[in-house]
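Asker: Got a predicted structure plus its sequence, pasted below:
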Amino acid sequence: MNKVLKSLAQQCREILGDRPGPDGREKIAELLQVLLSDPANVDALVPESTGERDMLYRDPELGFCILAHKYKGERTSPPHDHGPSWAIYAQARGETIMHDYDKIKDASADKPGKVKVSRTYSLKPGIVHVYNEGDLHSPTRVGPTSLVRVEGTDMSQIERLRYELA
């Protein structure tokens, strides 16, 4: 674990230990904004060898995870939430067009929920956004992008409901 990641993990641990709710997540977002303003930190957290979803750190006590993502081309993800958890997206390189949604109809295990777009905005390098439990969103990438993400738990282990546009 490099120094930048080690410091980030320790600071996240301290913040979430003191403030486990939305206030702590906003503090982590502020930390990431400052951290990603330095290109050397971006390179340390999201090196060229990064894959689409690299787990950098999983806290053994609090359960939060720090991930690096590097995408090569265009892609739009469907509307989604983070189930019972939360996520912080910190744009490192490139641009992501993010869409937030209002839920029109609840989802179930066998039927997708219905949503409508409530807001569209751009995440550019250094911009960080917190998605709390239940927040629905979807990213669109039109070219190469990289980001750092902090999750409340390892989302690869969580089954989530599906949503589609109404």
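Answerer: Noted; the coordinates are in hand.

Asker: which one's the longest helix in this protein?
Answerer: The helix of greatest length in the chain, counted in residues with DSSP state H as the criterion, is given as helix 3-18.

Asker: the helices in the protein, which residues?
Answerer: Taking DSSP H as the criterion, the chain carries its helices at 3-18, 22-35, 39-45.

Asker: Save these as TSV, and put in mean pLDDT, mean neighbour count and distance to residue 63 too.
Answerer: The way it works is simple: take the backbone N, C-alpha and C, and place the C-beta from them, glycine included. As requested, the helices of the chain are arranged in TSV below (pLDDT from 0 to 100; neighbours: other CB atoms under 10 Å; distance: least, CB to CB, whole Å):
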stretch	mean pLDDT	mean neighbour count	distance to residue 63
helix 3-18	98	16	9
helix 22-35	98	17	14
helix 39-45	97	17	20
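
Asker: And those helices: which comes nearest residue 99?
Answerer: Closest of the helices of the chain to residue 99 is helix 22-35, at 19.1 Å (criterion: CB to CB).

Asker: ok, and what's touching that closest one?
Answerer: For helix 22-35, contacts defined as CB atoms under 8 Å, 6 or more residues apart in numbering pick out 4, 8, 11-12, 15-16, 18-19, 41, 45, 86, 88, 90, 126-130, 132, 148, 150.

Asker: rerun at 7 Å
Answerer: Defining contact as CB atoms under 7 Å, 6 or more residues apart in numbering, one finds that helix 22-35 is touched by 8, 11-12, 15-16, 18-19, 41, 86, 88, 90, 126, 128, 130, 132, 148, 150.

Asker: and residue 103, what does it touch?
Answerer: Contacts for residue 103 were tallied using CB under 7 Å, 6+ apart; they are 113, 115, 136.

Asker: how about a cut-off of 6 Å?
Answerer: With contact set as CB atoms under 6 Å, 6 or more residues apart in numbering, residue 103 has these partners: residue 115.

Asker: As a markdown table, the helices of the chain with distance to residue 60 would be great.
Answerer: Written out in a markdown table, the entries for the helices of the chain read as follows (distance: least, CB to CB, whole Å):
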| stretch | distance to residue 60 |
| --- | --- |
| helix 3-18 | 10 |
| helix 22-35 | 18 |
| helix 39-45 | 20 |
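
Asker: Which one of those helices lies nearest to residue 108?
Answerer: Evaluated with CB to CB, the helices of the chain place helix 22-35 nearest to residue 108, the distance being 27.1 Å.

Asker: Check the spacing between the residue nearest to residue 59 when sequence neighbours are not counted and residue 24 real quick.
Answerer: The shortest distance from residue 59 to any non-neighbouring residue, by CB to CB, 6 or more residues apart in numbering, is to residue 13 (5.9 Å). When distance is defined by CB to CB, to the nearest Å, residue 13 is 11 Å away from residue 24.
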